[in-house]
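[1] please find the sequence and the predicted model below.
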Amino acid sequence: METSHHTTQQTEKEKDPNLEKISGIEMKSIGVLMTCPMHKYLEQQLETHFNLFRLWHCNSSITEFLKTHQGNTIRAVVGNTEIGADAELIASLPSLEIVASYSVGLDKIDLRKCEEKGIRVANTPDVLTDDVADLAIGLILGVLRGICASDAYVRIGKWKDADFGLATKFSGKSVGIVGLGRIGTAIAKRAEAFGCSISYFSRSQKPFASYKFYSNIIDLATSCQILIVACALTEETRHIINREVIDALGPKGILINIGRGAHVDETELVSALLEGRLGGAGLDVYENEPEVPEELLGLGNVVLQPHVGSDTVETSDAMADLVISNLKAHFSKKSLLTPVI
Ligand SMILES: O=CC(=O)O
C-alpha cells in the first residue's frame with residue numbers, strides 16, 4: 001500500500017540552498033529515463049522535477065524507442081534490480097551523465113562502461129539496510145519455526161485433526177554471514193540479540209568486527225548452522241554457494257539468501273534440498289527472476305519471497321527521495337549523496 005505523506009519532507013528539500021544553483025524550470029527540461037515501473041512515488045517525483053521518459057512505454061527495441069524519443073536529450077537513467085544500465089543502453093544515450101539506481105545492488109549496471117565514459121553512478125545504500133536485515137531474520141524464523149507451513153496448517157483446518165508438530169529453535173544457533181558489509185553487519189547485530197554466535201567470510205578481515213573471521217567459505221559453512229548470503233554480486237561472488245559449500249553446511253544446515261540469486265548455484269541448491277543434503281532454505285532472490293524452480297514450490301522446509309527485501313512503504317519512499325536528491329545534486333553541480341563512481 002502506498003501513502004502520500006511527503007509534503008513536509010519535499011518542501012524542506014526544495015528549500016535546500018545547495019540545490020538552488022539550477023532553477024526548477026531548467027531542471028524540468030533535463031531528460032531522465034526510467035527503465036521499468038518501480039515505485040509510484042518515485043515516478044511522480046521524477047515527473048514533477050524532470051522531463052521523464054518511460055522505457056516500458058515502448059513496444060519496440062530500445063534503439064527504436066530512443067530514436068523516436070531523441071536519445072540525445074536523456075542525461076540520466078534511473079534503473080533498478082530488474083533493468084539497470086547495460087552497455088547497450090549506455091551506448092544509445094550519447095548525453096548520459098548519471099545513472100541513479102533505485103537499488104543498493106549495482107550488478108545491473110555496466111560500471112566499467114560508466115567509468116570509461118565518465119558517467120556518474122549513485123545507488124541507495126543505508127536507507128534499506130534495516131529492512132533487508134529484518135527480512136533475513138524473518139526468513140530464518142520462517143524456515144526454522146515453520147511459520148508459513150503452520151499458517152497454512154491452520155487455514156486449511158488441519159489443526160482440528162492433530163497438532164502441527166515440532167519445529168526447530170533459532171535462539172542460540174551459530175550463524176555464518178557471507179559478506180560483512182552494511183547489511184551483513186545489521187543481520188549480525190540482530191542475530192546476536194537472539195543469542196547466536198556469529199562468524200563471517202569476506203575478502204578481508206574487518207578490523208571493526210569482533211566476530212570470528214573465516215578466509216575460506218567452506219570452513220565457515222562447516223562451522224555454522226545457518227549460512228546467510230549478504231554480499232554484493234560480482235564476478236568473484238557468482239555461484240559462491242556451490243555444491244561444496246552446500247554439502248559443508250549439511251543436512252541440518254539452513255541457507256538464507258537475501259543477496260542475489262546468482263550467488264547460489266540454484267540447480268545444486270534444488271538437488272541438495274530434494275536429496276535431503278541441506279536442511280532448508282529461505283530465499284528472497286533467484287537466478288532467473290521472476291522464475292522460481294518448480295521443485296521448490298512443494299517443499300515445506302523452504303520459505304520463498306518475491307525479491308522484497310527493501311519493499312516497505314517507508315524504505316521505498318526513502319530510496320526514491322535519495323534517487324531524486326542524487327539527481328538534483330548532480331545537475332546542480334553538487335556532490336552526490338551516495339556516489340559509487
Ligand atoms: O535488491 C535490492 C537492491 O539492490 O536494492
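    Thanks, I have the structure now. Numbers count the residues shown, from 1 in each chain.

[2] C-alpha from now on. contacts and neighbour counts both.
    Noted.

[3] low-confidence ranges in the stretch 201-341 of the chain?
    The stretch 201-341 of the chain contains no residues with pLDDT under 70.

[4] quick one: the helices in it?
    For the stretch 201-341 of the chain, the helices defined by DSSP state H, counting those that start in this stretch occupy 217-223, 243-249, 266-274, 313-331.

[5] identify whichever of the ones you listed lies nearest to the ligand.
    Closest approach to the ligand among the helices of the stretch 201-341 of the chain (CA to the nearest ligand atom): helix 313-331, 8.7 Å.

[6] what's the helix or strand for Ala133?
    Of the helices and strands defined by DSSP states H and E, Ala133 is found in helix 129-144.

[7] just the buried residues of the helix or strand just after that helix, please?
    Once the chain leaves helix 129-144, the next helix or strand it forms, by DSSP H and E, is helix 147-155. For helix 147-155, burial by neighbour count (16 or more other CA atoms under 10 Å) applies to 147-150, 153.

[8] can you tell me which of those comes closest to Ile137?
    Nearest to Ile137, judged by CA to CA, of the buried residues of helix 147-155 is Ile147 at 12.4 Å.

[9] relative to Thr168, how far out is the closest one?
    Between Ile147 and Thr168 the computed distance is 11 Å (CA to CA, to the nearest Å).

[10] again with Ala248
    In terms of CA to CA, Ala248 sits 20 Å off from Thr168.

[11] neighbour count for the two, which is higher?
    Between Ala248 and Thr168, counted using other CA atoms under 10 Å, the more crowded position is Ala248 (20 against 10).

[12] who's in contact with the more buried one?
    Contact analysis of Ala248 by CA atoms under 8 Å, 6 or more residues apart in numbering lists 218-219, 221-222.

[13] buried only: go through these for me.
    With burial judged by 16+ other CA under 10 Å, the buried subset of those is 218, 221-222.

[14] what distance do you get for the closest residue to Gly71 other than its chain neighbours to the ligand?
    With CA to CA, 6 or more residues apart in numbering as the criterion, Gly71 has its nearest non-adjacent residue at 5.4 Å, and that residue is Leu93. Distance from Leu93 to the ligand, counting by CA to the nearest ligand atom, to the nearest Å: 23 Å.

[15] number of nearby residues for Leu93?
    Per other CA under 10 Å, the neighbour tally for Leu93 reads 20.

[16] report the contact partners of it.
    Residues counted as contacts of Leu93 (CA under 8 Å, 6+ apart) are 66, 71-72, 74-75.

[17] ok, now Leu42?
    Contact analysis of Leu42 by CA under 8 Å, 6+ apart lists 317, 320-321, 324.

[18] from those residues, which is closest to Lys28?
    Ile324 (12.6 Å).

[19] would you turn the helices of the stretch 201-341 of the chain into JSON lines with distance to the ligand?
    Formatted as JSON lines, the helices of the stretch 201-341 of the chain follow (distance: least, CA to the nearest ligand atom, whole Å):
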{"stretch": "helix 217-223", "distance to the ligand": "22"}
{"stretch": "helix 243-249", "distance to the ligand": "23"}
{"stretch": "helix 266-274", "distance to the ligand": "18"}
{"stretch": "helix 313-331", "distance to the ligand": "9"}
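
[20] can you redo those as CSV with distance to Pro207?
    Below are these laid out as CSV (distance: least, CA to CA, whole Å):
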stretch, distance to Pro207
helix 217-223, 18
helix 243-249, 25
helix 266-274, 33
helix 313-331, 29
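
[21] for Ile177, which of those helices is the nearest?
    helix 217-223 (8.3 Å).

[22] just the CA trace of the closest one, in PDB.
    Output in PDB follows, covering the C-alpha atoms of helix 217-223 (Å, rounded to 0.1, in the frame of the first residue of the first chain):
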ATOM      1  CA  ILE A 217      33.800 -20.100   2.900                       C
ATOM      2  CA  ILE A 218      33.900 -23.900   3.200                       C
ATOM      3  CA  ASP A 219      35.200 -23.600   6.700                       C
ATOM      4  CA  LEU A 220      32.500 -21.100   7.500                       C
ATOM      5  CA  ALA A 221      29.800 -23.300   6.100                       C
ATOM      6  CA  THR A 222      31.200 -26.300   8.100                       C
ATOM      7  CA  SER A 223      31.200 -24.400  11.300                       C
END
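
[23] which other residues reach that helix?
    174, 176, 178, 199-201, 214, 227, 244-246, 248-250.

[24] so what's the gap between it and the chain middle?
    24 Å (CA atoms, centre = their mean, to the nearest Å).

[25] quick check: Arg243 touching Leu269?
    Yes. Using CA atoms under 8 Å, Arg243 is in contact with Leu269, at 7.5 Å.

[26] ok, the residue lying closest to Gln205 once chain neighbours are set aside - contacts?
    Nearest non-adjacent residue to Gln205, counting by CA to CA, 6+ apart: Phe213, 6.2 Å away. By CA under 8 Å, 6+ apart, Phe213 lies in contact with 199-202, 205.

[27] looking at those, state which has the most neighbours.
    Tyr200 (28 neighbours).

[28] return the residues of the protein in contact with the ligand.
    Residues of the chain found near the ligand (CA under 6 Å from any ligand atom) are 81, 103-105.
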